[in-house]
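Peer 1: compute the structure for the input listed below.
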Amino acid sequence: MCAKPRFRRLRRVSGDISRRGLLGGLLGNAVRREVDYDGVTQRIRAGWDACAPHEPLMRAIEPIAAVVAEAAEAGPGVRVLDVGAGTGNVALACTAAGAAVDACDLSPRMVMAGIERTGEAVRWSQGDAAMLPYDDGAFDAVVSAFGAAMAPRARRTAGELARVLRPGGRLALAAWAPTTLPGALDPLRAEVDPLPEGVRLPSDWGRSEIAHERLSPHFDALEMRLHTALLRFDSPLDCWQALVRPLRLMGPRRGALRARFDALLEEQNGAPPAVELAARYLLVLGVRAE
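Peer 2: Residues are numbered from 1 along each chain as shown. You can find the predicted model right below:
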């Protein structure tokens, strides 16, 4: 569960301070709360660490990996970092192109699954996208297919993606657009299980204006490409379980989300036995500023 927001500590003051100024400072500090980023991060990690299998989702989005790897210009002699790598879809696509690849994920369980899947072809680490465990300028390209977008500290994550790139290095980041499933699940989830105040939806990264605002302080030549991927599931139930497992919703909140999900799925997909979602995602490309 998310930790309760904490009040900021009041700093000891000295010197000639007016009563009005002191009272204003005290009141301002009393009402200003810290954003509970850590609680959200812990919940995300717990969702992906859960024992329930995530393979149906990983396989459904796997074709997107080749698109991201090509956009990053992965190839021989290129050092690539895959952030929020899951079980290694994009990492493997980059190694197939001849790149030397490191991968990291917030979830220890996903890291272990990635190691089992990729073997020695990829070097794995456990780490937060907002605090990457790598040196400055260590990579020629940084890629992320939906993983980095989940990190609640969006601006810090943008800075970290830039920090570990060498000047002139290339970024390729994919995020679900909020107009179709899976991205459209974010606002539905927020209705029944709101995020802490100050934390934005992951699908905000799928809005070109927001992605540009977050990345423009660090990257030049930003380019936004809207793509569509066909995500296939055996049934509406399989689709629901694959998309909602990481959220760890229980009881009434899960039931309320299911009703909204079913209505949106029928609107997007009709009601055939199998599900084929035309899922839109934004692919953001940029070059690390010199």
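Peer 1: which parts of stretch 123-138 are buried?
Peer 2: Neighbour counts over stretch 123-138 (16 or more other CB atoms under 10 Å) mark W124, G127, D128, A129, A130, L132, Y134, A138 as buried. Using the backbone N, CA and C atoms, a C-beta is placed for each residue, glycine as well.
Peer 1: what two of the residues you listed are the furthest from one another?
Peer 2: With CB to CB as the measure, no two of those lie farther apart than W124 and A130, at 18.5 Å.
Peer 1: and the longest helix anywhere in the chain, C-alpha only, in CSV?
Peer 2: Across the chain, the longest stretch assigned as helix under DSSP state H is helix 251-269. Taking Å, rounded to 0.1, in the frame of the first residue of the first chain, the C-alpha atoms of helix 251-269 are listed here in CSV:
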residue,chain,number,x,y,z
GLY,A,251,-12.4,-6.0,-4.1
PRO,A,252,-14.8,-3.2,-5.1
ARG,A,253,-12.1,-1.2,-6.9
ARG,A,254,-11.3,-4.2,-9.2
GLY,A,255,-15.0,-4.8,-9.9
ALA,A,256,-15.6,-1.1,-10.7
LEU,A,257,-12.6,-1.0,-13.1
ARG,A,258,-13.7,-4.3,-14.8
ALA,A,259,-17.1,-2.7,-15.7
ARG,A,260,-15.4,0.3,-17.3
PHE,A,261,-12.8,-1.9,-19.0
ASP,A,262,-15.5,-4.2,-20.5
ALA,A,263,-17.4,-1.3,-22.0
LEU,A,264,-14.2,0.2,-23.5
LEU,A,265,-13.0,-3.2,-24.8
GLU,A,266,-16.3,-3.8,-26.6
GLU,A,267,-16.2,-0.3,-28.1
GLN,A,268,-12.7,-1.0,-29.4
ASN,A,269,-12.9,-4.7,-30.3
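Peer 1: show me the strands in this protein, by range?
Peer 2: 79-83, 100-105, 122-126, 139-145, 165-176, 219-233, 275-288 (DSSP state E).
Peer 1: tell me who's in contact with L173.
Peer 2: V142, V143, S144, A148, A149, L161, W205, A211, L283, V284 (CB atoms under 8 Å, 6 or more residues apart in numbering).
Peer 1: can you tell me which of those is nearest R225?
Peer 2: L283 (4.5 Å).
Peer 1: that closest one - how many residues pack around it?
Peer 2: Using other CB atoms under 10 Å, L283 has 20 neighbouring residues.
Peer 1: just give the closest residue to it, not the sequence neighbours.
Peer 2: R225 (4.5 Å; CB to CB, 6 or more residues apart in numbering).
Peer 1: any idea how far V284 is from W48?
Peer 2: From W48 across to V284, the span is 23 Å (CB to CB, to the nearest Å).
Peer 1: how far away is the closest residue to A113 other than its chain neighbours from R248?
Peer 2: In space, and not counting its chain neighbours, A113 is closest to T87: 4.7 Å by CB to CB, 6+ apart. Noted for T87: a distance of 19 Å to R248, by CB to CB.
Peer 1: compare those two (neighbour count), which wins?
Peer 2: Neighbour count, other CB under 10 Å: between T87 and R248, T87 has more, with 24 against 17.
Peer 1: wait, that one sits on M112?
Peer 2: No: the pair T87 / M112 is not scored as a contact, 9.5 Å apart, by CB atoms under 8 Å.
Peer 1: about what we covered before: dump the residue contacts of the residue nearest to L283.
Peer 2: Residues counted as contacts of R225 (CB under 8 Å, 6+ apart) are A71, L282, L283, V284, L285.
Peer 1: please convert those to a markdown table, extending it with pLDDT and distance to L230.
Peer 2: Below are the contacts of R225 laid out as a markdown table (pLDDT from 0 to 100; distance: CB to CB, whole Å):
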| residue | pLDDT | distance to L230 |
| --- | --- | --- |
| A71 | 98 | 19 |
| L282 | 98 | 17 |
| L283 | 98 | 16 |
| V284 | 98 | 21 |
| L285 | 98 | 22 |
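Peer 1: now, the most widely separated pair of those residues?
Peer 2: Farthest pair in those, by CB to CB: A71 and L282, 11.8 Å.
Peer 1: neighbours of V192, how many?
Peer 2: 16.
Peer 1: could you find the closest non-adjacent residue to it?
Peer 2: In space, V192 is closest to A256, 4.3 Å off (CB to CB, 6+ apart).
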